[in-house]
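>>> model this:
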Amino acid sequence: MRKRQTDFVGPGTIRLLPRVLKRYCPKRVFLVAGSTSYRASGAETFVGQALSSTNTVLHIARTPLPTIEAISEAMTLFLEEHCDMVVAVGGGKTMDIGKSVSALASQTRGASDYVVANRPMAPRSIPIIAIPTTAGSGSESTHFAVIYVKGKKYSLTHKSLLPDGAIVDPNLMRSLPAHITATSGMDALCQAIESYWSIHATRQSRWYAARALRLAADNLATAVLSPSPESRIAMARAAHFAGEAINITRTTACHAISYPLTSRFGIPHGHAVAVTMPSMFLFNSAVTASDVIHPRGPTFVRRQLRSLARALGAESPEGAARTIEALMQSIGLSTSLSAFGISRQDLNDIVQTGMTPERAGNNPRALTASSLYRILEKLL
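Numbers count the residues shown, from 1 in each chain. Presented below is the predicted three-dimensional model:
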């Protein structure tokens, strides 16, 4: 795995961007920025000053999802302008676009050859610095990027997609609306849980995941309802640690199910992940020898679920499920699918699209189409 050379996390770290840029001596920077967050977060002032003496091409990420068309458009501009570095400032979508451009610009074929046809990629030669303005995706810590093709979610994955540098400054998150704080924060919390119970979890990934979970569980409600500097700092760290965790393990069933909920029904990503988390917590806690996928067996999985429950302040998986539901409701997030206009007629398509081995196959308990249908049906 490519090792980041620069990793700054904490209030005021955006002021260190000039020092980071000096390491790469770029001649022409491709700046990918969120359509509203770049200015609202205050990043525009600091990044603009840092790049004031460097030729810069600004590309605003306007699409609601990181589509292959949006990435191809950005990459065309990058190549036409002969840029030699990427700086991505924004939420997960913006960073995924920036990471994809930095990786695909080093390839010889078009984007779809690597995203859809899954051709092997050469290591990138273009450096990238990722600066999140939300506390959720953890994309600044991962070696993959989400890309949508005709409404279907794909992952561009390569070790060199891990950014060279990450600047995680919670001061850039002070202007986040409560709803975005809630949905992005739930994404971080769910990433931590999924990473912890993933069949690929390691001692290191569980350390990151446990730390992220405790920070998110203790601070998300405050960050949404009455944000303080301390809660913003805690959530920024939670998202960053959750990203470190899934960079090792990837996510599992809740994320797999979330993608059609977002692409088809417009449910914000973090909310789409969280809506099935209580049910999946209960589902995984009922694992048996006949349906366990985790190589360490059902007893180990149940022990991990109990550890997760305790981290959430609950005594059992059932209590953990209730805790997650209560948290979602307290921060204004619906816990039912029907609130988004989803009906029983939509479930088969959601099941078919959400049963991707790339994510669902990481779940510790085998998830079948019929079991997923039952889970979704109860959420209507």
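
>>> right, and the helix or strand after the least confident helix or strand in the chain by mean pLDDT?
Sorting the helices and strands of the chain by mean pLDDT, DSSP states H and E puts helix 357-360 at the bottom, at a mean of 72. As assigned by DSSP states H and E, the chain's next helix or strand after helix 357-360 is helix 369-378.

>>> What's the mean pLDDT across that following helix?
If you average the pLDDT over helix 369-378, you get 95.

>>> Which stretches in the stretch 51-200 of the chain count as helices?
68-80, 92-104, 111-115, 178-197 (DSSP state H, counting those that start in this stretch).

>>> ok and the longest one relative to helix 92-104, angle-wise?
So that's helix 178-197. 60 degrees (axes from the mean of the first three to the mean of the last three C-alpha atoms, to 10 degrees).

>>> for helix 178-197, packing partners?
Contacts defined by 3 or more C-beta pairs under 8 Å, 6 or more residues apart in numbering; DSSP states H and E place helix 178-197 against helix 203-225, helix 229-249, helix 253-265, helix 269-274, helix 277-285, helix 297-311. For every residue, glycine as well, the C-beta is placed using N, CA and C.

>>> Give me the buried stretch members for that helix, please.
180-197 (16 or more other C-beta atoms under 10 Å).

>>> ok, the residue nearest in space to the middle of the chain - contacts?
Centre of the chain computed as the mean C-alpha position; nearest residue by C-alpha atoms, centre = their mean is residue 137, 2.7 Å away. By C-beta atoms under 8 Å, 6 or more residues apart in numbering, the residues touching residue 137 are 91-92, 95, 184, 187-188, 239, 243, 269.

>>> ok, residue 322 to residue 281 distance?
10 Å (C-beta to C-beta, to the nearest Å).

>>> So those two - more neighbours on which side?
residue 281 (26 against 16; other C-beta atoms under 10 Å).

>>> Pairing partners for residue 148 in the sheet, please.
residue 67, residue 153 (DSSP bridges).

>>> Surely it touches residue 260?
No: with contact defined as C-beta atoms under 8 Å, residue 148 does not count as touching residue 260 (10.7 Å).

>>> how far does stretch 164-180 stretch from start to finish?
Terminal residues of stretch 164-180 are spaced 27 Å apart (C-alpha to C-alpha, to the nearest Å).

>>> is it true that residue 314 touches residue 322?
Yes: contact status for residue 314 versus residue 322: in contact at 7.3 Å, counting by C-beta under 8 Å.

>>> residues near residue 61, how many?
25.

>>> should've said residue 301
Neighbour tally, residue 301, other C-beta under 10 Å: 22.

>>> Could you report the distance from it to residue 139?
Distance from residue 301 to residue 139, by C-beta to C-beta: 28 Å.

>>> residue contacts, residue 98?
Neighbours of residue 98 in contact, by C-beta under 8 Å, 6+ apart: 30, 32, 86-88, 128, 130.

>>> What of residue 42?
Neighbours of residue 42 in contact, by C-beta under 8 Å, 6+ apart: 171-172, 174-175.

>>> Out of the helices of the stretch 51-200 of the chain, which gets nearest to residue 380?
helix 178-197 (20.1 Å; C-beta to C-beta).

>>> and the closest one, average pLDDT?
The average pLDDT for helix 178-197 rounds to 97.

>>> Any idea how far it is from the middle of the chain?
8 Å (C-alpha atoms, centre = their mean, to the nearest Å).

>>> same thing with stretch 10-17?
With C-alpha atoms, centre = their mean, you get 22 Å for stretch 10-17.

>>> So for that stretch, what gets flagged as buried?
Under the neighbour-count criterion of 16+ other C-beta under 10 Å, stretch 10-17 has 11, 13-14, 16-17 buried.

>>> Out of the contacts of residue 42, which comes closest to residue 209?
Nearest to residue 209 among the contacts of residue 42, with distances taken as C-beta to C-beta, is residue 172, at 24.2 Å.

>>> For that closest one, list the residues it contacts.
Contacts of residue 172 by C-beta under 8 Å, 6+ apart are 14, 41-43, 131-133.

>>> can you do 10 Å?
11, 13-14, 37-38, 40-43, 46-47, 89-90, 131-135, 232, 236 (C-beta atoms under 10 Å, 6 or more residues apart in numbering).

>>> Please name the nearest non-neighbouring residue to residue 260.
Excluding the flanking residues, the one nearest residue 260 by C-beta to C-beta, 6 or more residues apart in numbering is residue 353, at 3.9 Å.
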